[in-house]
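# Sharing a sequence plus its predicted fold:
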Protein chains: 2
Amino acid sequence: MSLRYGLLGLLAEGPASGYDLARRFQEVLGSVWPAQHPKIYAELNRLAQEGLIEVESEGPRGRKAYRMTEAGLAAVRAWLRDTEVDHTLRMQSLLRSFFFWLMEPDDLRRHLDEEARFFAEAAARYEEYAKAKDRGEFGDSPQARSMRIAIEAGVRLHRTLAEWAEWAKTVPLSPPTTTDS
Amino acid sequence: MSLRYGLLGLLAEGPASGYDLARRFQEVLGSVWPAQHPKIYAELNRLAQEGLIEVESEGPRGRKAYRMTEAGLAAVRAWLRDTEVDHTLRMQSLLRSFFFWLMEPDDLRRHLDEEARFFAEAAARYEEYAKAKDRGEFGDSPQARSMRIAIEAGVRLHRTLAEWAEWAKTVPLSPPTTTDS
DNA sequence: ATCACACATGTCCCTAAGTACATGTACTTA
DNA sequence: TAAGTACATGTACTTAGGGACATGTGTGAT
């Protein structure tokens, strides 16, 4: 259901085609909610059938731009206001960390180096985005301010994970061996 | 595939039945990789067919305890060492934050209050776990130390998200209106 | 003795997600 | 004018995940 409301949320900013939405999903929402174009086109058709969106215009190359209907706007708002947040998390990085004790120390160090680098780079990318927003590149609309909040989560989250990976490198996995002297 | 290696990872600590594994998944891995018992039993059967695990003993009420085989241990290790980490993230909380501008200020404040509370409570639960470990309640084995690292990630992650939600409450979503005087 | 509960394993079905395949059009550049 | 690229929309197949349903057993309490 989240994909559905992700699409409606994006369409609340203005009309867009499936192609546009697929790109925007990849660019901005992709890091918190991945979606491939087949799912997007399918969902758009369902949404249109249910009257939550409607074709606004048809363009070249079969392009169909959708516009949100009143019912659609009401539906996103209801989702945001009335439905419980699904806090389910699925992080392979953390799943793996339960099994670090199965790894050779060298492999583990290498792994944590890579993890730290990955998270730090992601954090840096989000920070660039945040700076661009703060420079006014996305304007100062409520949408842009919302995005700024989301980006801030990205920055903090990935920075935290990078620090965690660095910290993890300092934790010895084997208890000190008692020298039987 | 992560469920598979989650199960193998748990079985690396010692023999266990599907029922045991389902409970342990819910308790310790559930927050980073949810799994329901039907999936677990199915995966165990597949794993046994492929020779990565084998039935160690049969107990009352049809209980089947599985033991990991050499091949199974090699498989988890190969997964940990050689396969790339899937960093795909799916966080509904963050997806929603892109659309905060569609919410009434009051609803948004309420929402962020709830989010902050949820994340803070989760962080506190993880912290309790961490303290218990540091008191020595889980011993000092490599497994326990691995778990400690995973728990630390839970603490930091949720604390960060709680702080983010608190911070988000202080961000005005509407640009200051120019009073036409 | 009976009842409730925790133990224990599964099937079935539906939805969500991911990948590969398929098709065609407008524009830009060599 | 030919080739490459970005635009544009889909179908088909496979796997993963979640919920409901089904079934039966040992144990402890009343």
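Thanks, I have it.

# For the most centrally placed residue in chain A, which residues are in contact?
For chain A, residue A:32 is the residue whose C-alpha lies nearest the centre (CA atoms, centre = their mean; 1.4 Å). Residue A:32 makes contact with A:150, A:154, B:89, B:90, B:91, B:94, B:95, B:98, according to CB atoms under 8 Å, 6 or more residues apart in numbering or on different chains. Yep, even glycine has a C-beta here, placed from its N, CA and C like the rest.

# which parts of the lowest-mean-pLDDT helix or strand in chain A are buried?
Lowest by mean pLDDT, DSSP states H and E among the helices and strands of chain A is strand A:53-58, with a mean of 94. Going by neighbour count (16 or more other CB atoms under 10 Å in any protein chain shown), the buried part of strand A:53-58 is A:53, A:56.

# Now do that strand: distance to the chain's middle.
27 Å (CA atoms, centre = their mean, to the nearest Å).

# Show me what that strand packs onto, helices and strands only.
Where contact means 3 or more CB pairs under 8 Å, 6 or more residues apart in numbering or on different chains; DSSP states H and E, strand A:53-58 is packed against helix A:37-49, strand A:64-68.

# For residue A:22, which three-state class applies?
Look at residue A:22: counting by DSSP: H, G, I helix; E, B strand; the rest coil, its state is helix.

# neighbours around the residue nearest to it when sequence neighbours are not counted, how many?
Once flanking residues are discounted, residue A:22 sits nearest to residue A:37: 4.3 Å by CB to CB, 6 or more residues apart in numbering or on different chains. Residue A:37 has 14 neighbours, counted by other CB atoms under 10 Å in any protein chain shown.

# wouldn't residue A:37 be in contact with residue A:20 here?
No - taking contacts as CB atoms under 8 Å, residue A:37 lies outside contact range of residue A:20: 11.1 Å.

# What parts of chain A come near DNA strand C?
Residues of chain A lying close to DNA strand C by CB under 7 Å from any atom of the strand are A:1, A:2, A:3, A:34, A:35, A:36, A:38, A:39, A:60, A:61, A:62.

# buried set for the helix ranked longest in chain A?
Counting residues, the longest helix found in chain A (DSSP state H) is helix A:105-134. Neighbour-count burial for helix A:105-134, counted by 16+ other CB under 10 Å, picks out A:108, A:111-112, A:115-116, A:118-120, A:122-123, A:126-127, A:129-130, A:133.

# Brilliant, that's me finished.
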